[in-house]
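>>> Structure, please.
(one chain, ligands or ions: 1)
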Amino acid sequence: MMDRVSATRLRLGILGSGKGSNFVAIADALASGQAAAEVALVLSDVPDAGILGHARARGIESAYLPPGRFRTKLDEEAEAAWIGALRSARVDLVVLAGFMRILKGEFLRAFDGRVMNIHPSLLPAFPGLEAWRQALEYGAKVAGCTVHLVDQGIDTGPILAQRAVPVLDGDNAASLHQRIQAAERELYPAVVAAWARGDIRVRGRVTSGFRAGA
Ligand code: GRF
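Got it, this is the predicted structure:
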């Protein structure tokens, strides 16, 4: 049976604004042969973002691309440049790894159903910024992370996989964030590998096919 990777390796474009621990986890899992996929390009909107250094250290093509005049999204000119760079690198799947801008309109049309994100909560609880702090302040006893496809909303796209972690007595924002990030570094590479294998099916909001530990 043909699957989406039988002919060629899935090419990932990874977008990040920060330290890049999710990128490192994904790149290293793929380098160890976990799936027929490779990181083709890393882009950042922050010139000195850690993610760019991690990409360079691994010999992966990477670039800072200016985001344009807005603070929370790409402006039209920048959006065209980002789409162009990803298309030139023949990217099949866009993976957001700590990318701090909202992607909409043209960008989502260019990569329709092929933009993935990880969010540090069990969605739909606590969308938006500093979700681990929101969970702690709300008094939740279970927190976690969610890998989802990106749609026009904020953290509202179809859920691909989730991993729960406990909120412990005495946790502060930093300790809970660290526990969630450790879960992220396991979950995200596993979901990308499952996608590359063609295991994941998407029907509207409901997805299937990801098995933890597969
Ligand atoms: C992660 O905690 C992720 O949930 C959020 O941004 C953070 C990125 O961290 N979307 P890193 O840059 O991958 O280390």
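
>>> Kindly report the residues of the protein close to the ligand.
Residues of the chain lying close to the ligand by C-beta under 6 Å from any ligand atom are 16, 18-23, 51, 97-98, 118-120, 181, 184. Quick note: C-beta positions are derived from backbone N, CA and C, even for glycine.

>>> Helices - which of those land there?
In helices, judged by DSSP state H, the following of the residues of the chain next to the ligand are found: 21-23, 51, 181, 184.

>>> Now this structure against the ligand: closest residue?
residue 98 (2.6 Å; C-beta to the nearest ligand atom).

>>> That residue touches residue 17, doesn't it?
Yes - contact status for residue 98 versus residue 17: in contact at 5.8 Å, counting by C-beta atoms under 8 Å.

>>> quick one, which of those two is more surrounded?
Higher neighbour count among residue 98 and residue 17: residue 98, with 24 against 19, using other C-beta atoms under 10 Å.

>>> So for that one, what's the nearest residue that isn't a sequence neighbour?
residue 18 (4.1 Å; C-beta to C-beta, 6 or more residues apart in numbering).

>>> Export the ones in helices among the residues of the chain next to the ligand as TSV, with columns for pLDDT and neighbour count.
Listed next are those as TSV, based on pLDDT from 0 to 100; neighbours: other C-beta atoms under 10 Å:
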residue	pLDDT	neighbour count
21	97	19
22	98	26
23	98	30
51	98	26
181	98	19
184	98	24
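
>>> Residue 45: which of those is nearest?
Closest approach to residue 45 among those (C-beta to C-beta): residue 51, at 10.5 Å.

>>> Please name the nearest non-neighbouring residue to the closest one.
What sits nearest to residue 51 in space, not counting adjacent residues and going by C-beta to C-beta, 6+ apart, is residue 20, at 3.0 Å.

>>> which residues touch that neighbour?
Residue 20 is in contact with 49-55, 97-98, counting by C-beta atoms under 8 Å, 6 or more residues apart in numbering.

>>> Which pLDDT value goes with it?
In this prediction, residue 20 carries a pLDDT score of 97.

>>> how about the nearest residue to residue 24 once chain neighbours are set aside, what does it touch?
Once its chain neighbours are removed from consideration, residue 24 has its nearest residue in residue 54; the separation is 5.3 Å (C-beta to C-beta, 6+ apart). Each residue near residue 54 by C-beta under 8 Å, 6+ apart is listed here: 20, 23-24, 27.

>>> In the residues you listed, find the pair that's most separated.
Put simply, by C-beta to C-beta the two of the contacts of residue 54 set farthest apart are 20 and 27, 9.1 Å from each other.

>>> Overlap in contacts, the two.
In contact with both residue 20 and residue 27: 54-55, using C-beta under 8 Å, 6+ apart.

>>> which SS class is residue 8?
Reducing the assignment to helix, strand or coil with DSSP: H, G, I helix; E, B strand; the rest coil, the entry for residue 8 is coil.

>>> and it, how many residues sit next to it?
10.

>>> Could you confirm residue 83 falls within a strand?
No - secondary structure of residue 83, determined by three-state DSSP: helix, with no strand assignment.

>>> mind listing the strands for the protein?
Taking DSSP state E to define them, one finds strands in the chain at 10-15, 37-44, 62-64, 93-96, 115-119, 142-149, 159-166, 201-203, 206-208.
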